[in-house]
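**Student:** turn this into a structure:
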Amino acid sequence: MSEKKIKEKNEKGKVNPMMILLVLMFVLIVGLGAGLGYLILNQKSPASTKPATVVVNALELPPLTYPVTKDFIVNLTDKDADRYVKLNITLAFTGTKLQAELLTIDSFIRDSVISILREKKASDFTAKGTEELKKQFMTRINPYLKTGKISEIYFNDIFVKN
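**Tutor:** Numbers count the residues shown, from 1 in each chain. Purely as a prediction, here's the structure:
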């Protein structure tokens, strides 16, 4: 054989030592990962031998809301000074169909709120007075609703000019 053929034959039979090292490291890493995974997944703890009891309380769904977009600015009935109230409210309800109905009677809602506010004095805007005000709003608006009822009224802003 010629020297060239012998040299090619020796190079074909030679294995690259870097390739062997890479393959061995890959096998080692995969083996370690599989072993650790097996140990972690099959680990027994005293708590896992007893069945877990979970108590879930029924959660109440938050009410849907309809924010009345414009502020109410109304003169109050105080005789001793010119006073007014600036108010922003959000109506809360539970029926999903009521949102569309509230949009259609927005003008009625605004008129009802303004009518009630025009009868008030600055001294009516206390903690107890604002709760009474909410009741008056609901009493005036709810009878006109067909697809649901207002369950709560939230005051976003109240400003009384003294």
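**Student:** surely Asn162 meets Tyr84?
**Tutor:** No. Contact criterion Cβ atoms under 8 Å: Asn162 and Tyr84 do not qualify, at 9.8 Å. In short, each C-beta sits where N, CA and C put it, glycine included.
**Student:** ok, those two, which is more surrounded?
**Tutor:** Neighbours of Asn162 and Tyr84, each counted by other Cβ atoms under 10 Å, are more numerous for Tyr84; the result is 17 against 9.
**Student:** what stretches of the protein score poorly on pLDDT?
**Tutor:** Residues of the chain that meet the criterion pLDDT under 70 lie in 1-14, 44-62.
**Student:** pull the longest strand from it.
**Tutor:** Criterion DSSP state E: the longest strand present in the chain is strand 150-161.
**Student:** quick check: buried residues in that one?
**Tutor:** If you call a residue buried by 16 or more other Cβ atoms under 10 Å, then strand 150-161 has these buried ones: 150, 153, 160.
**Student:** would JSON lines of those residues with distance to Phe125 be doable?
**Tutor:** Shown next, in JSON lines, are the buried residues of strand 150-161 (distance: Cβ to Cβ, whole Å):
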{"residue": "Ile150", "distance to Phe125": "21"}
{"residue": "Ile153", "distance to Phe125": "14"}
{"residue": "Val160", "distance to Phe125": "5"}
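**Student:** tell me the one of those nearest Ala122?
**Tutor:** Val160 (5.1 Å; Cβ to Cβ).
**Student:** which non-adjacent residue is nearest His102?
**Tutor:** Slight slip there: residue 102 is Leu, not His. Spatial nearest neighbour of Leu102, chain neighbours left out: Tyr66 (4.6 Å); criterion: Cβ to Cβ, 6 or more residues apart in numbering.
**Student:** what's the longest strand of the chain packed up against?
**Tutor:** strand 84-93, helix 127-141 (3 or more Cβ pairs under 8 Å, 6 or more residues apart in numbering; DSSP states H and E).
**Student:** how about a cut-off of 10 Å?
**Tutor:** Judged by 3 or more Cβ pairs under 10 Å, 6 or more residues apart in numbering; DSSP states H and E, strand 150-161 is in contact with strand 64-67, strand 72-75, strand 84-93, helix 98-104, helix 127-141.
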